[in-house]
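Participant: this one's sequence-less:
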């Protein structure tokens, strides 16, 4: 029977880069979705 190898936690710099990358993608995406929903509600009488 072999032991299960558990991956070590990500280094701090990698985690920081990951968070910044998600923010760079997520904030404009969220803003675009918000504006699309706002325009759709205006179009469909919401």
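Facilitator: Arrived safely, thanks for sending. None of the values given here were measured: they were computed from a predicted structure. Numbering: from 1, shown residues only.
Participant: distance of residue 23 relative to residue 35?
Facilitator: Per C-beta to C-beta, to the nearest Å, residue 23 is found 18 Å from residue 35. Every residue, glycine included, has its C-beta placed from N, CA and C.
Participant: I meant to write residue 44 there.
Facilitator: Residue 44 sits 15 Å away from residue 35, going by C-beta to C-beta.
Participant: residue 4 now?
Facilitator: Counting by C-beta to C-beta, the gap from residue 4 to residue 35 is 47 Å.
Participant: neighbour-wise, which of the two wins?
Facilitator: Between residue 4 and residue 35, counting by other C-beta atoms under 10 Å, residue 35 is the more crowded of the two (10 against 5).
Participant: please identify which helix or strand holds that one.
Facilitator: Element membership for residue 35 (DSSP states H and E) is helix 12-43.
Participant: helices or strands next to that helix in the packing?
Facilitator: Of the remaining helices and strands, none touches helix 12-43 by 3 or more C-beta pairs under 8 Å, 6 or more residues apart in numbering; DSSP states H and E.
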